[in-house]
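**Q** got a sequence here, can you model it:
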Amino acid sequence: MEYGKLIAVTGLPGLFELVSSKNDGAIVRSLEDNSTKFASTRQHQFSHLESIEVYTVRDNVNLIDIFKAMQDDGGKLPEEKDAKAVKAYFEKVYPDLDFERVYASDMKKMVKWFGVITAKGIELKLTEQLIEEEAPVEEAVVAEVEEAKPAKKAAKKKAEAPAEEAGEEAPKKKTTRKKKED
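**A** Numbers count the residues shown, from 1 in each chain. So this is what the prediction gives:
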């Protein structure tokens with residue numbers, strides 16, 4: 001199982017593996033009990049763990065960075081029901097967290113998810129495609145936009161040129177009025 005296939009589904013507890021997606025939802029497998037079910041997009045929203053970011057006092061960080069810090073700590077995870085112990089744990093493991101915007105419930109959820117991920121032996125690794133394509137795609141889009149601007153201006157000038165050469169204005173569209181019925 002890959003970290004890139006893990007999702008959280010609103011309204012359903014725990015983490016899920018994305019088995020298949022459909023137009024109206026997704027087939028997901030629970031990591032806790034391996035049950036497979038269909039989750040409709042009408043009732044649920046899906047969040048890939050790779051796309052979840054966490055507030056810090058500097059820039060936001062990806063959830064996997066928090067998980068790696070938890071893994072590097074190697075200490076025992078706190079009891080997820082004790083909010084004070086969870087906050088103290090994160091102050092030790094990842095002190096840059098913005099504790100005013102990251103709520104206790106979020107921290108509890110991260111502890112629970114990390115426990116499930118480590119129990120299943122899932123490697124904490126972002127999808128290589130996402131990492132490799134992130135910067136080149138942005139650069140390519142900027143280059144395409146910059147190239148398209150002069151082309152649009154040239155096309156606009158070309159369209160205006162024949163009318164100007166003939167010394168005429170472009171023909172105006174005729175509007176038709178509806179006759180009032182008495």
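
**Q** can you give me the neighbour number for residue 113?
**A** By the other CB atoms under 10 Å criterion, the neighbourhood of residue 113 contains 21 residues. C-beta coordinates here come from the backbone N, C-alpha and C atoms, glycine included.

**Q** same check on residue 60?
**A** The tally of other residues near residue 60 (other CB under 10 Å) stands at 12.

**Q** name the residues linked to residue 30 by a beta bridge.
**A** Applying DSSP bridges to residue 30 gives these bridge partners: residue 16.

**Q** contacting residues for it?
**A** Taking CB atoms under 8 Å, 6 or more residues apart in numbering as the contact definition, residue 30 lies against 14-16, 36-37.

**Q** just the buried residues of those residues.
**A** If you count burial by 16 or more other CB atoms under 10 Å, the buried members of those come out as 15-16.

**Q** quick check: residue 87 touching residue 99?
**A** Yes - under the criterion of CB atoms under 8 Å, residue 87 is in contact with residue 99, at a separation of 6.8 Å.

**Q** need the contact list for residue 19.
**A** By CB under 8 Å, 6+ apart, the contact list for residue 19 reads 26-29, 36.

**Q** select only the buried ones of the residues you listed in ChimeraX?
**A** To isolate the buried ones among the contacts of residue 19 in ChimeraX, judged by 16+ other CB under 10 Å, type:
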select :26,28,29
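
**Q** in a markdown table, list the contacts of residue 19 along with secondary structure, distance to residue 79 and pLDDT.
**A** A markdown table is the format used below for the contacts of residue 19 (DSSP: H, G, I helix; E, B strand; the rest coil; distance: CB to CB, whole Å; pLDDT from 0 to 100):
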| residue | secondary structure | distance to residue 79 | pLDDT |
| --- | --- | --- | --- |
| 26 | strand | 32 | 94 |
| 27 | strand | 33 | 94 |
| 28 | strand | 28 | 95 |
| 29 | strand | 27 | 95 |
| 36 | strand | 30 | 95 |
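
**Q** can you show me the helices along the chain?
**A** Using DSSP state H, the helices of the chain run over residues 63-73, 83-93, 104-120, 128-165.

**Q** quick one: pLDDT of residue 143?
**A** We note a pLDDT of 43 for residue 143 in this prediction.

**Q** residue 117 too?
**A** The pLDDT attached to residue 117 in the predicted structure is 92.

**Q** please apply the same query to residue 19.
**A** At residue 19, pLDDT is 94.

**Q** gap between it and residue 114?
**A** The span separating residue 19 from residue 114 equals 22 Å under the rule CB to CB, to the nearest Å.

**Q** hmm, back to that, compare the helices of the chain and say which comes out lowest on pLDDT.
**A** The stretch with the lowest mean pLDDT among the helices of the chain is helix 128-165, at a mean of 48.

**Q** the nearest residue to residue 20 once chain neighbours are set aside: what's it in contact with?
**A** The shortest distance from residue 20 to any residue that is not its chain neighbour, by CB to CB, 6 or more residues apart in numbering, is 4.5 Å, and that residue is residue 27. By CB under 8 Å, 6+ apart, the residues touching residue 27 are 18-21, 36-39.
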